[in-house]
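# Sharing a model prediction with you, sequence too.
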Amino acid sequence: MHNLYLMLYKKFRKKLKSCPFCKTKQAVITTEKTAYLTYALAPYHDYHLLILPKRHVVSFLKLKSQEEKDINTLIRLGIAKLHTLGLKNISMLVRDGSLRGANKSIQHLHYHLIPNTSIGDVDHAGRPREIMTQEEIQKLLHKMQ
């Protein structure tokens, strides 16, 4: 994945003056009326794809019904394209929310289709994942009600 134009993603983000997804200069793989499928500029895998609404929207909860329909169509299409390449282990990640941090770098709702990436048995701090206690489960369920 390395090339002559290597730039760290962190440095790329600092240079951004506006939303890179609203006026993308990337090649679009395919498009629907309200959304498009493209590649990830800073991929986790060579065939890492992105699905984005064309309208600048930050939250999944703000999607219009046509956008939801078009995004679902593109998710299915993207997964099917990856399967035709022999890539069967696809992880889907949705980046929702307006605040930077928590590894969310672009404030535009987007969906990742990432082949052959395992979330695995470690948490985001690199520690082994642990099963929740009954107390933690009850606390979670109480907050979710």
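Looks like it arrived, so ask away.

# contact partners of the one helix or strand residue 138 maps to?
Residue 138 belongs to helix 134-144 when elements are defined using DSSP states H and E. Defining contact as CB atoms under 8 Å, 6 or more residues apart in numbering, one finds that helix 134-144 is touched by residue 132. Where you see a C-beta, it was placed from the backbone N, CA and C, and this is true even at glycine.

# before we move on, what about stretch 31-38?
Identification of contacts with stretch 31-38 by CB under 8 Å, 6+ apart yields 24, 26-30, 49-55, 64, 66-67, 70-71, 73-74, 77-78.

# next one: stretch 107-116
Residues outside stretch 107-116 that contact it (CB under 8 Å, 6+ apart) are 19-22, 40, 43-45, 47-53, 56-60, 62-63, 71, 75, 78-79, 82, 87, 89-96, 98, 100.

# Go ahead and measure how far that stretch is from the middle of the chain.
2 Å (CA atoms, centre = their mean, to the nearest Å).
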